[in-house]
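[1] With the input below, show me the fold.
(2 chains)
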Amino acid sequence: MKILNLLILLVISNNVFAQKTLISDLEKNSIQYKVVYLLTYQPNKSNPNNLQTEEMYLYLDEGMSKFGSAGKIVGDSIMANRGKDKKKSRSDFLRLMAKIPDTKFNYLIYKGIPKTKMTFSQNIFKDDFKYETSKDQFEWEIHSETKKFENLNIQRATTEFAGRYYTAWFTSEIPVSDGPYKFNGLPGLIVKIRDDKGHYSFELKEIKILKNPFTINIPTKDYIETNREKLGQLIQEDKENPMRAMESAGVSIEFSKQQKRDLRTSKMKRNNPIELE
Amino acid sequence: MKNISKILGIGISFILLSFTPLVNEKTSSVVLDEALVSTCVPVTLSCGVSGDACGVSTEQIITQVEYAEEYWCGD
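    Numbering: from 1, shown residues only, chains lettered A, B, ... in the order given. Predicted structure coming up:
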């Protein structure tokens, strides 16, 4: 929290010059942010006592953004930058694995790539899928209610999305029309957003101005173009038969029958996705 | 290539360890998500590299295997 306060103070100062500089820089789109959200979610629709948490990252740059779990983003980065000319070894592999946080979310969401669009990518084992939708798919109702969140003034907005009703709090003090997951379109960064059942809640934990420039782009891969419905179906099929994708790719894992049952049970228990329709 | 795969398989069998701390308990083949007990299973990747993959859950083992596939067989 102290770090958050300090970082927010660095960004949002009452000093007029600093505000002008911040706003002018944002207008120039020259500031790059890393926003950390804490996701709290209920993986099983019938078990409200089982809430899980994960850190989620939102990278912001020049009208574009990239969102995903810390585990997915860190894992991809580590594997991409592992020094492919380096000799492979067990110790090197273990060293890399130790740096990757565990995650249950292997999707990435790119907003503004391509412009006015949003790209959702997810892999099922070695198959990489992606689909595009319009970025502007949220109809927000902005309310007059405001309050403080740390040192930020935040304002309430509501929307319905994919079968859930959400309350969001955004701050126009960070004039970036973005937020966690696919959410965007408010006149400020979404600081908190939660569905009315409390099944999915994102809350800002940290915001950093990145000193080293980076580029947000969709990695060059042999993506299988799909759409949201088909990908949802494939994910469901993978849950029902989790060994199939690996076996099709020529990987053999000698799970016992019980372990195979446990794997399927574990995957099927996660039956409460963020998008219900 | 076959010799390299064989050498890798025999000489450098990989053990994919969970970063979750291990608990010194006897385990059954049934591993609950909540239990901090590691189970290991033999794995052979698509490029022929083989070894043991370990994790505190079957899902964690799968994740490790995915990364192993990319690391050992990806390039």
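[2] Phi first, then psi, for the residue lying closest to A:D222 once chain neighbours are set aside.
    Spatial nearest neighbour of A:D222, chain neighbours left out: A:D128 (6.9 Å); criterion: CB to CB, 6 or more residues apart in numbering or on different chains. To be clear about C-beta, it is placed using only N, CA and C from the backbone, and glycine gets the same treatment. Backbone torsions for A:D128, taken as degrees, to the nearest 10, come to phi -100, psi 120.
[3] Now do the same contact list for A:D128.
    A:121-122, A:221-224 (CB atoms under 8 Å, 6 or more residues apart in numbering or on different chains).
[4] Out of those residues, the closest to chain B would be?
    The nearest member of these to chain B, counting by CB to the nearest CB, is A:K221 at 11.5 Å.
[5] Leaving out sequence neighbours, find the closest residue to that closest one.
    A:K221 sits nearest to A:D128 (CB to CB, 6+ apart), 4.8 Å away.
[6] Can you list the buried residues in stretch A:109-119?
    By 16 or more other CB atoms under 10 Å in any protein chain shown, the buried positions in stretch A:109-119 come out as A:109-113, A:118-119.
[7] what's the answer for stretch A:127-141, then?
    Those would be A:129-131, A:135, A:138, A:140, for stretch A:127-141 by 16+ other CB under 10 Å.
[8] Of the residues you listed, which is the nearest to chain B?
    A:F129 (14.8 Å).
[9] picking up where we left off before, now the buried residues of stretch A:109-119 in a markdown table, with pLDDT and secondary structure?
    What follows is the buried residues of stretch A:109-119, written out as a markdown table (pLDDT from 0 to 100; DSSP: H, G, I helix; E, B strand; the rest coil):
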| residue | pLDDT | secondary structure |
| --- | --- | --- |
| A:I109 | 98 | strand |
| A:Y110 | 97 | strand |
| A:K111 | 96 | strand |
| A:G112 | 94 | coil |
| A:I113 | 91 | coil |
| A:M118 | 96 | strand |
| A:T119 | 97 | strand |
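[10] can you put those in TSV and add distance to A:G83?
    Shown next, in TSV, are the buried residues of stretch A:109-119 (distance: CB to CB, whole Å):
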residue	distance to A:G83
A:I109	28
A:Y110	26
A:K111	31
A:G112	31
A:I113	27
A:M118	33
A:T119	28
